[in-house]
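# Sequence and predicted structure, then a few things I'm wondering about:
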Amino acid sequence: MENLGFIASFVMGIILGLMGGGGSILTVPILVYLFGFSPTVAAGNSLFVVGLTALIGSAMYIRKGDVDFKTGFSFAVPSVIGVNISRGLIIPKIPEIIVSFNGFALTKEILIMATFAALMIAASYSMIKTKSERKPMEMRPLMRVALIAFEGLIVGLIAGFVGAGGGFLIIPALVLLAGLSMRIAIGTSLMIIALQSLLGFAGDVARGASVEWSRLGIIATIAVIGIVVGSAVAHKIKEQQLKTAFGWFVLIMGFTILVEQFRHLSF
């Protein structure tokens, strides 16, 4: 299964490089189902894989001048705060067995994976739907910055809980609220994902989280190779076709994981 996991990690990197998001949503399922990580450990360790991969990808976009630093930091700072609130305050407070009565038991790990599956299903819609011409929302500059920061906080909370980068939420915000072009939104999204994921992971390590450095290093290296390939060929592939195909894959994966978690519920 590990060999399949390495291939999946490479594909995840390619998708992240092509679209600035979406690929990272596969990291937790890859770590759980192909490498045997527990959902709790995978949600934290995936932040390292996603963060390092996005960091390399953002560097490639920065070289091309396709990153808006001002908007990116307006989003990233509250996002980093959100990740650390999730990892440091929310997740540790969730008991291992959340609900238990009459032979039924909902565990913390099942909750994390079920939430992740629901997020995948929701994300698949934005990937499958036909791209339409979207214009930035008209609003005052201060209100625009406030909304960007608020969405950054929400994305950070979600990313910290499930271990995904949240690019499928970040990019629409950058296009609709900040008025960025799709190309610059992708590069800026990768920078935001890198900051929120790596700083969130650093917070986990500081709190004494379990880290499998040897396997994690190999997985991250393979994903980095994937994002280099994806970023290099991004301009040669029709984005909407790729998004649609990947969206259907994410939808199927989401339903599969959701069904699997219901099977693991104790009755």
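Structure's in. What do you need? This is a predicted model, so every value here is computed, not measured.

# what comes up buried for the helix or strand harbouring residue 205?
Assigned by DSSP states H and E, residue 205 falls within helix 182-206. If you call a residue buried by 16 or more other C-beta atoms under 10 Å, then helix 182-206 has these buried ones: 184-201, 203-204. Where you see a C-beta, it was placed from the backbone N, CA and C, and this is true even at glycine.

# Then stretch 226-235?
For stretch 226-235, by 16+ other C-beta under 10 Å, it's 226-228, 230-231, 234.

# from the middle of its chain, how far away would the helix or strand just after the helix holding residue 205 be?
Of the helices and strands lying after helix 182-206 in sequence (DSSP H and E), the nearest is helix 213-233. With C-alpha atoms, centre = their mean, to the nearest Å as the basis, helix 213-233 stands 15 Å off its chain's centre.

# what's the angle from helix 213-233 to helix 182-206?
Angle between the axes of helix 213-233 and helix 182-206 is 170 degrees (criterion: axes from the mean of the first three to the mean of the last three C-alpha atoms, to 10 degrees).

# Only alpha carbons, please: show helix 213-233 as CSV.
Written as CSV, here are the backbone C-alpha positions of helix 213-233 (Å, rounded to 0.1, in the frame of the first residue of the first chain):
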residue,chain,number,x,y,z
TRP,A,213,9.7,12.2,10.5
SER,A,214,11.2,9.4,8.3
ARG,A,215,8.1,8.5,6.4
LEU,A,216,6.8,12.1,6.5
GLY,A,217,10.0,13.3,4.9
ILE,A,218,9.8,10.9,2.0
ILE,A,219,6.1,11.6,1.4
ALA,A,220,6.7,15.4,1.4
THR,A,221,9.7,15.1,-0.9
ILE,A,222,7.6,13.1,-3.5
ALA,A,223,4.8,15.7,-3.2
VAL,A,224,7.2,18.5,-3.7
ILE,A,225,8.4,16.8,-7.0
GLY,A,226,4.8,16.7,-8.0
ILE,A,227,4.1,20.4,-7.3
VAL,A,228,7.2,21.3,-9.3
VAL,A,229,5.9,19.3,-12.3
GLY,A,230,2.4,20.7,-11.8
SER,A,231,3.5,24.3,-11.6
ALA,A,232,5.7,23.9,-14.7
VAL,A,233,2.9,22.6,-16.9
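
# Remind me what that helix packs against, helices and strands.
Applying 3 or more C-beta pairs under 8 Å, 6 or more residues apart in numbering; DSSP states H and E, one finds that helix 213-233 contacts helix 2-19, helix 39-63.

# change it to 10 Å
helix 2-19, helix 27-29, helix 39-63, helix 182-206 (3 or more C-beta pairs under 10 Å, 6 or more residues apart in numbering; DSSP states H and E).

# Which one of these lies nearest to residue 78?
Ranking the helices and strands packed on helix 213-233 by proximity to residue 78 (C-beta to C-beta) places helix 182-206 first, at 9.4 Å.

# what residue ranges in this structure score low on pLDDT?
The model of the chain has pLDDT under 70 over residues 19-24, 103, 123, 126-127, 130-139, 163-168, 234-235, 237-243, 246, 264-267.

# Residue most distant from the centroid, it?
Largest separation from the mean C-alpha position in the chain: residue 102, at 36.2 Å (C-alpha atoms, centre = their mean).

# Output the contacting helices and strands for the helix or strand encompassing residue 245.
Residue 245 belongs to helix 239-264 when assigned by DSSP H and E. Applying 3+ C-beta pairs under 10 Å, 6+ apart, we find helix 239-264 packed against helix 2-19, helix 27-29, strand 104-107, helix 108-128, helix 167-176, helix 182-206.

# switch to 8 Å and redo it
Using 3+ C-beta pairs under 8 Å, 6+ apart: helix 239-264 touches helix 2-19, helix 108-128.

# most packed of those?
Per residue and on average, the most neighbours among these fall to helix 2-19, with a mean of 22 (mean count of other C-beta atoms under 10 Å).
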